[in-house]
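This is the structure alone, sequence omitted:
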């Protein structure tokens, strides 16, 4: 039985066409950076809920979800229309294993995101744990159009705070943007361009890869990594690839 909490929208921000974030005032308990929560609205007499990763870090005094409008989806367009003061339902239980404490001891952490999948990684990167554990952290962020690169201020601040440890790589697949790869993540792994850009290799002896976003990206990148001797991470069998299961 899910226990639902009353959440009050504090801010609705539209990042670009179809991309929004909501800051919500809700009495959630403790959680780990990178986890997700279910958010719901009553629609036509029925409660409709979906899982959304939290973008905020545990020490921040707000809760934030980042999402895209799903065509024909019953919930996302209604969430996008909410205003400050509107009410949403938030599940009391926070879930998920896309968290830094689940990652084995390695030198290099790779975070590969498409679209709104960057959210849980930003949550983790705003904490101290990853910077205390890894020599190098690579954040790869893939979108279709340059306007869809959200949270650039947060990313720039992280780069300023950790200039020696952090590498940021943008992928913009449908238009040319200076400084970004005009290709998919998989293409740059196959060609070796990604590793050349950041100056380290995707080696199972030194690397762990976390992925969030489009299922096709996750499947394709996983296949490339597995061909290099990397395998999915499990608690009982430590590996090199971590993804999230939202259902």
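Here it is on my side, so go on. A quick note: this is a predicted structure, and the numbers were derived from the prediction, not measured.

Dihedrals phi and psi, the spatially closest residue to residue 70 that is not a sequence neighbour?
In this structure, residue 70 finds its nearest non-sequential neighbour in residue 76, 4.7 Å apart by Cβ to Cβ, 6 or more residues apart in numbering. C-beta: built from backbone N, CA, C; applies to glycine. For residue 76, the backbone dihedrals (degrees, to the nearest 10) come out as phi -60, psi -40.

Give me the pLDDT value at residue 76.
Note for residue 76: predicted pLDDT of 97.

Name all residues that make contact with it.
Taking Cβ atoms under 8 Å, 6 or more residues apart in numbering as the criterion, residue 76 is in contact with 50, 67, 68, 69, 70.

how does it look with 10 Å?
With contacts defined as Cβ atoms under 10 Å, 6 or more residues apart in numbering, residue 76 is in contact with 18, 20, 48, 50, 52, 67, 68, 69, 70.

among those, who's most crowded?
When neighbours are taken as other Cβ atoms under 10 Å, the top entry among the contacts of residue 76 is residue 52 (25 neighbours).

what about it, which SS state?
Using DSSP: H, G, I helix; E, B strand; the rest coil, the three-state assignment for residue 52 comes out as strand.

Tell me the secondary structure of the closest residue to it other than its chain neighbours, please.
Distances taken as Cβ to Cβ, 6+ apart place residue 65 nearest to residue 52, at 3.9 Å, with adjacent residues excluded. In the three-state summary, residue 65 is assigned as strand, counting by three-state DSSP.

Based on its surroundings, how many neighbours for the nearest residue to residue 148 once chain neighbours are set aside?
With sequence-adjacent residues excluded and distances taken as Cβ to Cβ, 6+ apart, residue 148 is closest to residue 16, at 5.3 Å. Residue 16: 14 surrounding residues under other Cβ under 10 Å.

looking at it, residue 16 is touching residue 150, isn't it?
Yes - taking Cβ atoms under 10 Å as the contact criterion, residue 16 and residue 150 are neighbours in contact, 7.1 Å apart.

And the helix ranked longest in the chain, how far out from the chain middle?
Assignment by DSSP state H gives helix 215-226 as the longest helix of the chain. Its chain's C-alpha centre and that of helix 215-226 lie 16 Å apart, by Cα atoms, centre = their mean, to the nearest Å.

ditto for stretch 234-247
Averaging C-alpha positions (Cα atoms, centre = their mean) puts stretch 234-247 15 Å from its chain's average.

what comes up buried for that stretch?
Of the residues in stretch 234-247, 239, 240, 241, 242, 243, 244 count as buried by neighbour count, 16 or more other Cβ atoms under 10 Å.
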